[in-house]
Every structure is written in C-alpha cells, then in structure tokens.
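Enquirer: Build me a structure from this.
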Amino acid sequence: MTKWENKSVKDFALLLYQILKSDRDVFLGVAGDTGGGKSTFMILLTRAYEKIAKVDWNFKYMTYKRQELIDWIDGKGEEKKGRVPEYTPIIADELVSMFFNRNWQEAQQIEAIELFNKCRDRHLLIMGAVPIFWQLDKALLPRFRFYVYVPLGRNVAWVFKKNDNPFARDQWGSTKCATHMDKRQSPHGLPNFLYEIKFGDLTEEDKRVYLEIRNTRRIGTEGQREEKRPDFYRKIKKQRDAAMKILYYDHLSHMPTPEFAEKLGMLPDTVRKILKGEM
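Expert: Modelled structure (predicted):
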C-alpha cells in the first residue's frame with residue numbers, strides 16, 4: 001500500500017473484508033461535523049462491502065441503541081437470540097449516545113466495551129458515527145482499528161490507523177496529529193494517515209430509507225443510561241461510608257467528630273450518623 005494515494009470506497013471495503021477473513025476484528029469510528037456526510041460514507045462503504053463479502057445488508061442493521069448493538073453482537077440468553085450472522089456489517093449511527101465519555105461509569109457501557117474486546121470470533125464489521133471522536137469513552141478508543149474523519153463539504157474521508165507502538169498511551173498520537181493539522185491543514189505527512197477516499201451520494205432509495213429511519217428510530221435515544229440509576233448511587237454511598245469508617249476508626253479515632261467532618265467538608269451530624277451506622 002502506497003502512503004497518501006487516493007483510494008476508492010470499494011478499495012477500503014476490500015481491506016476491511018480481508019482483515020475480517022484473517023480472524024481479526026474491525027471497529028471503525030467515523031467522525032466529522034453534523035451534516036458532513038458521516039452516515040453517507042458508512043452506508044456507501046457498507047454497500048461496497050456487502051458485494052465483496054456476499055452478504056445481504058439492509059437498514060434493519062442500523063441502530064441508535066446500545067442494547068440492540070450488544071444483542072446483535074452477542075445475542076440474548078443461552079440461545080443467543082438476535083445474534084447477526086458472521087461478516088454482517090453493522091452501523092451505529094449515533095455512537096456518542098451509546099459511549100459518551102461522561103457516562104464512563106455506566107455498568108452497561110463498561111460491559112459493552114468489554115464485549116468489544118472479546119468478540120473477534122464474530123467477524124463483524126462494526127462502524128459508528130460521532131461528531132467528535134475524542135468524546136467517546138477513552139476505554140473504547142483503542143478498540144477502533146481505523147479512525148475516519150469526514151471534513152465538512154468535501155465529499156472525502158481521511159483514513160487513519162493506530163500507531164503500532166507498545167508504549168504509547170495514546171495510540172492515535174492525537175497531540176502530534178493536532179499540531180500537524182494546525183500547521184498544514186492536511187493529514188498528508190502524518191505517520192498514521194493511510195489515504196483519502198472520495199465518495200459520492202446515496203441512491204435516492206437509500207437516502208429516503210435512511211432519513212425515515214433517522215427521523216424515527218433516533219428519537220428518545222439520547223443519554224442511554226441505566227434505568228436502575230438509584231442502585232448505582234446506593235452502591236457509591238455504601239462504599240463512601242465504609243471508607244469513612246475505616247479511615248476514622250483505624251487512624252483518626254482520637255479526632256473529635258466535628259473536626260473530622262470539617263476535613264471531609266461534611267456536616268458533623270451527618271458524619272456522626274454515618275460512623276454510628278444510622279444512615
């Protein structure tokens with residue numbers, strides 16, 4: 001592969017299929033401003049991939065829900081109901097609603113990322129769109145094999161790969177890349193830049209179906225947090241109370257309760273009740 005040469009959507013689809021056939025996984029993150037063409041690129045890529053992989057794809061494999069994505073990958077229950085066939089392409093059209101970095105503590109989000117680390121044998125092409133790649137959960141970012149950026153109004157996609165550096169904490173080299181882009185306004189010359197892909201528009205039918213799905217399925221999917229949110233906070237409170245008791249009775253029992261409460265920034269009466277197990 002020659003660096004920096006332009007490639008077609010079909011070329012990229014073939015590369016992804018070859019990676020899957022070699023028993024590796026493919027998670028693809030597609031970022032760019034809203035209305036810039038992220039979904040168009042993913043659908044065109046999927047259409048090219050389905051011909052190469054000889055699989056039938058339709059818009060029922062486009063999702064806006066984290067739980068649905070999990071079910072497609074791993075299935076439900078012992079019978080694994082709902083699992084999609086091997087080599088199926090899946091589009092998550094709003095990754096930020098599923099894996100927002102501010103919701104890193106959500107149990108389902110944690111479990112989903114763990115699943116992504118274990119589902120290589122499923123040989124699925126999973127791609128997702130997000131306005132800003134770096135707003136995704138930091139535990140998810142290393143799981144992407146490619147990062148695609150779609151600059152607004154250009155009908156091109158810039159494809160980046162991870163740095164193969166065993167000591168890199170940031171496998172995407174984001175700081176260096178950001179400095180390069182500020183200076184040159186072009187990804188050419190970056191060590192992890194693969195190539196640029198020019199793409200056109202969707203067919204009228206695909207555009208019609210996509211807009212219908214986007215305007216219906218996406219409703220109500222913002223902030224996909226667990227329904228049992230109070231349980232999470234009860235668990236945190238229990239851990240906090242236990243830590244306070246250990247700290248006080250094992251190390252600071254000589255300290256008056258009001259002074260201990262002041263150091264914690266809490267009310268003395270509240271601290272007193274916690275230490276006595278009354279809260």
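Enquirer: can we go C-alpha only for contacts and neighbour counts from here?
Expert: OK.
Enquirer: helices or strands up against the helix or strand bottoming out on mean pLDDT in the chain?
Expert: The weakest-scoring helix or strand in the chain, judged by mean pLDDT, DSSP states H and E, is helix 229-251 (a mean of 82). The contact analysis (3 or more Cα pairs under 8 Å, 6 or more residues apart in numbering; DSSP states H and E) places helix 229-251 against helix 268-275.
Enquirer: and the helix it packs on with helix 229-251, angle?
Expert: Put simply, helix 268-275 runs at 90 degrees to helix 229-251, going by axes from the mean of the first three to the mean of the last three Cα atoms, to 10 degrees.
Enquirer: what's in contact with helix 268-275?
Expert: The contact list for helix 268-275, computed with Cα atoms under 8 Å, 6 or more residues apart in numbering, reads 241, 244-245, 257-258, 260-262, 279.
Enquirer: quick revisit: check which residues of the least confident helix or strand of the chain are buried.
Expert: Along helix 229-251, these residues count as buried under the neighbour rule (16 or more other Cα atoms under 10 Å): 241, 244-245.
Enquirer: cool, and stretch 128-144?
Expert: 128-131, 133, 136-138, 140-144.
Enquirer: for those residues, which one is nearest Leu211?
Expert: Using Cα to Cα, Ala129 comes nearest to Leu211 of the buried residues of stretch 128-144, at 15.2 Å.
Enquirer: pull the CA atoms of the helix or strand hosting the closest one into PDB?
Expert: Element membership for Ala129 (DSSP states H and E) is strand 125-130. Output of strand 125-130 as PDB, limited to C-alpha atoms (Å, rounded to 0.1, in the frame of the first residue of the first chain):
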ATOM      1  CA  LEU A 125     -17.800  -5.100  10.600                       C
ATOM      2  CA  ILE A 126     -18.900  -2.600  13.200                       C
ATOM      3  CA  MET A 127     -18.800   1.100  12.300                       C
ATOM      4  CA  GLY A 128     -20.200   4.100  14.100                       C
ATOM      5  CA  ALA A 129     -20.600   7.800  13.700                       C
ATOM      6  CA  VAL A 130     -19.700  10.600  16.200                       C
END
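Enquirer: Let me see the mean pLDDT of that strand.
Expert: Average pLDDT, strand 125-130: 96.
Enquirer: So which elements touch it?
Expert: Identification of packing neighbours for strand 125-130 by 3+ Cα pairs under 8 Å, 6+ apart yields strand 26-31, helix 38-53, strand 89-92, helix 95-99.
Enquirer: close enough to count as contact, Phe116 and Arg143?
Expert: Yes - using Cα atoms under 8 Å, Phe116 is in contact with Arg143, at 7.2 Å.
Enquirer: Thr203: how many residues sit nearby?
Expert: Per other Cα atoms under 10 Å, the neighbour tally for Thr203 reads 9.
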